[in-house]
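>>> Provide a 3D model corresponding to the input given below.
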Amino acid sequence: MKLINATDKEFADISSEEYREYDFGDGTKIKLAAPLFLNVNDKSGGHRVLTTDGVSHYIPSGWKHLSWKAKQGKPHFVK
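Here you go, the predicted model:
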């Protein structure tokens with residue numbers, strides 16, 4: 001999937017991740033499968049993530065933990 005970005009925000013390629021999971025510390029977890037691109041808002045800390053199914057996600061700041069799994073043979077950290 002190609003990212004079509006009509007904003008001034010910069011997105012990092014995180015396609016090496018199999019998934020990423022946000023933990024809000026209150027039992028709430030959000031797991032995103034096959035993320036492709038990520039923007040972290042400098043002011044709010046919110047994350048914008050595009051996944052391979054073409055869905056755009058916004059994760060507000062306030063989560064307590066973020067985890068992800070790299071695809072086989074791909075880098076564990078890209079940003």
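
>>> Can you tell me who the residue nearest the centre of the chain pairs with across the strands?
Nearest to the centroid of the C-alpha atoms of the chain, with distances taken as CA atoms, centre = their mean, sits Val49, at 4.2 Å. Each beta-bridge partner of Val49 is listed here, defined by DSSP bridges: Leu38, His57.

>>> What's the local residue count around Phe11?
Burial of Phe11 is recorded as 17 neighbouring residues (other CB atoms under 10 Å). The way it works is simple: take the backbone N, C-alpha and C, and place the C-beta from them, glycine included.

>>> again with Val55
Counted with other CB under 10 Å, the burial measure for Val55 works out to 10 neighbours.

>>> Check the gap between it and Val49 for me.
Per CB to CB, to the nearest Å, Val55 is found 9 Å from Val49.

>>> same thing with Pro35?
Here the criterion is CB to CB. By it, Pro35 lies 5 Å from Val49.

>>> which residues are common contacts for these two?
Residues touching both Pro35 and Val49 (CB atoms under 8 Å, 6 or more residues apart in numbering) are Ile14, Arg20.

>>> you'd agree the residue nearest to the centre of the chain is up against Val40?
No: in this structure, Val49 sits apart from Val40 without contact. The criterion is CB atoms under 8 Å, and the distance is 9.8 Å.

>>> Would you indicate which residues of the lowest-mean-pLDDT helix or strand in the chain are buried?
Taking mean pLDDT, DSSP states H and E as the measure, strand 65-70 is the helix or strand of the chain with the lowest mean score, a mean of 88. With burial defined by 16 or more other CB atoms under 10 Å, the residues of strand 65-70 counted as buried are Trp68.

>>> Need the residues that contact it.
Residues from elsewhere that reach strand 65-70, judged by CB under 8 Å, 6+ apart: Ile14, Ser16, Glu17, Glu18, Tyr19, Arg20, Glu21, Tyr22, Asp23, Gly25, Pro35, His76.
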